[in-house]
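Peer 1: only geometry, no sequence info:
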């Protein structure tokens, strides 16, 4: 599978809403209104079975998104989608500003210092109030790197490589 053909999760179906087949969705995208631009999505159920569904209506609310699929007409059918993921193809992702990246593009990148020392693989990104933090792991070692220009010197998504400028205390012994 290439990085361009990845299924990208944009939301998780929490529960049915009302009796007409709506579902409440927890958006896993920074732009919940993006659901309005989608016409067809794949829904991956907890048992890994997949459905292709047509979005009929979207209501963006402060507590989540309500979605009505054309193929789902009642609460019982909506209940069958509980805990399912709504996924889109990578090609349907919104374009980003220069030097911005999707988290799924960063996960799996090898991380190096500016001196060429390999530190490990970026396995998680923590979304914290001040800035994101990259969690890099190698063997038993875990390195937390603030995702700010002071530390992140180069991101090469195509080659899955990130170069950082380490400072004293950043890399544990």
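Peer 2: Yep, it's here. Just so you know, these numbers come straight off a predicted model, no measurement behind them.

Peer 1: all helices of this protein, in order?
Peer 2: Per DSSP state H, the chain carries helices over the ranges 75-79, 103-106.

Peer 1: ok, and for the last one, which residues are buried?
Peer 2: Neighbour counts over helix 103-106 (16 or more other Cβ atoms under 10 Å) mark 105, 106 as buried. Placement of C-beta: from N, CA and C, glycine included.

Peer 1: Output the contacting helices and strands for the helix or strand bottoming out on mean pLDDT in the chain.
Peer 2: Comparing helices and strands within the chain by mean pLDDT, DSSP states H and E singles out helix 103-106 as the least confident, with a mean of 88. Using 3 or more Cβ pairs under 8 Å, 6 or more residues apart in numbering; DSSP states H and E as the contact criterion, the secondary-structure elements in contact with helix 103-106 are strand 118-127.

Peer 1: Any chance of TSV for the helices of the chain, columns distance to residue 31?
Peer 2: Compiled in TSV, those are given as follows (distance: least, Cβ to Cβ, whole Å):
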stretch	distance to residue 31
helix 75-79	24
helix 103-106	14
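
Peer 1: Ok, which of those helices comes nearest residue 27?
Peer 2: Go through these one by one with Cβ to Cβ and the one that ends up closest to residue 27 is helix 103-106, at 14.3 Å.
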